[in-house]
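Asks: got a sequence here, can you build the structure:
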Amino acid sequence: MLQVFSLGFDLRRVLLMSAAASWTVAVVGLYLALISWRVAGYPLDAALAPKHLEHSWRLLVSPELTFDRALLWVGIAGLWWIGFARIITPVFRSLALEVSRDERPDQKAMAVASHRLSGLVTGSPPSAFFIVALFFGCVLLWALLTKLPSPVGTGLAALILPLALISALIAAAMLLVTLASLPLMTPAAVIECRDLMDVVSRAAAYVLQRPFRYLAGLCSKLGVMLVAAVAGGAVFLLAWALIYLALVIVGEGELALSSYRLVRRSGDLRPDFITGAAFFAAAFYGSALIWLGWFLTVGAAADVILYMVMRYEVDGVTFDEIMIPQEHIEKHGLTALDTQKQQQAALAAAKVDEEPAKAPN
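Replies: Residues are numbered from 1 along each chain as shown. Sure thing, here's the model as predicted:
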């Protein structure tokens, strides 16, 4: 797991993960602004005010569960995941190729996510949840029987209750397995390059066959993420503290203070420092997204390594076996292990050819 830190120091991956974090902020901000405007009734020009966004957030996370609120959460999650999954797919693919030490030609082209790989990453969690929803739908149909006039409705519901209970148990078990196997689905999609059901079934099978090993891997991942958060956050804050100190030393303490107040969105700003403070605040938030991108890259690397470890322990497949997307089959056609074997065979054949030439006449 210590290898994940070195895998995180890649500018392209960090920038892509920063874009994914920016997409998350944009989606949440969009929905909060819409709620502030259309639900809370605030004018459009004031919908993004902090106090109005805070009110919108309280409305969104209200414990009172209604159909409209559930539909809203599904819309937020769906829109977020469609964009987020397509952005992170190249990162996971390049991480898998680097961990496997893939040396096939045109590796950079393979690292770029194809539409098929993006579709696998995007569609695998919804496919798993759709199967759960089918069994839960059976329970909902049983619950509708109670709406029939009594005693017919209650009698039918009582007779079919065992079947509804079985469906509920299956849905609950599948939901737990799906939630537990979510970290393995994206690596399975970019490494195996097969289909949605293969991605879902592989991730679930590895969790079920090695539950304690998987739990230990998750604990290791959480430990690595905690260290990454603390170390990265410390470096980030210390760097900005040095910038603040440098401004104070050169006599621009008021500018530094105005920037600090603008970042915290508290306190009054002097009019002559508003423009400079705005630039410094924008740089601060941009660097925060870069730090968050590095943090997400470390998490993605941990997921890839965890999947490869589980695949090796369950299926005996070594780390250097990475599949190629469908559209690259004709061009590449071989796994890294196959090309390594071909290279070894070619070297062995070359040595055999050299031996007769060296033999005495």
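Asks: alpha carbons only for contacts and neighbour counts from here, please
Replies: Fine.
Asks: quick one: contacts for residue 277?
Replies: For residue 277, the contact set (CA atoms under 8 Å, 6 or more residues apart in numbering) comprises 255-256, 258-260, 262.
Asks: give me the pLDDT value at it.
Replies: pLDDT for residue 277: 81.
Asks: before we move on, what about residue 39?
Replies: 65.
Asks: again, but for residue 49
Replies: Looking at residue 49, its pLDDT reads 68.
Asks: same thing with residue 256?
Replies: 84.
Asks: a markdown table for the contacts of residue 277, including distance to residue 193 and secondary structure?
Replies: Output for the contacts of residue 277, formatted as a markdown table (distance: CA to CA, whole Å; DSSP: H, G, I helix; E, B strand; the rest coil):
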| residue | distance to residue 193 | secondary structure |
| --- | --- | --- |
| 255 | 53 | helix |
| 256 | 51 | helix |
| 258 | 51 | helix |
| 259 | 48 | helix |
| 260 | 47 | helix |
| 262 | 47 | helix |
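Asks: of those residues, just say which sits nearest to residue 140.
Replies: Using CA to CA, residue 262 is the member of those that sits closest to residue 140, with 50.5 Å.
Asks: please tell me how far that closest one sits from residue 101.
Replies: Using CA to CA, to the nearest Å, residue 262 is found at 46 Å from residue 101.
Asks: residue 284 too?
Replies: Taken as CA to CA, the span from residue 284 to residue 101 is 36 Å.
Asks: also residue 36?
Replies: Taking CA to CA, one finds residue 36 at 50 Å from residue 101.
Asks: more crowded one of residue 262 and residue 101?
Replies: With neighbours defined as other CA atoms under 10 Å, residue 262 and residue 101 compare such that residue 262 has more, 19 against 14.
Asks: low-confidence ranges in the stretch 201-350 of the chain?
Replies: 267-270, 325-343, 346-347, 350 (pLDDT under 70).
Asks: how about 90 then?
Replies: 232, 240, 243-244, 247-283, 285-286, 315-350 (pLDDT under 90).
Asks: and the helices in it?
Replies: Assigned by DSSP state H, counting those that start in this stretch, the stretch 201-350 of the chain shows helices spanning 211-249, 253-264, 274-315, 336-358.
Asks: quick one: the shortest one to helix 274-315, angle?
Replies: Right, the one you point to is helix 253-264. 50 degrees (axes from the mean of the first three to the mean of the last three CA atoms, to 10 degrees).
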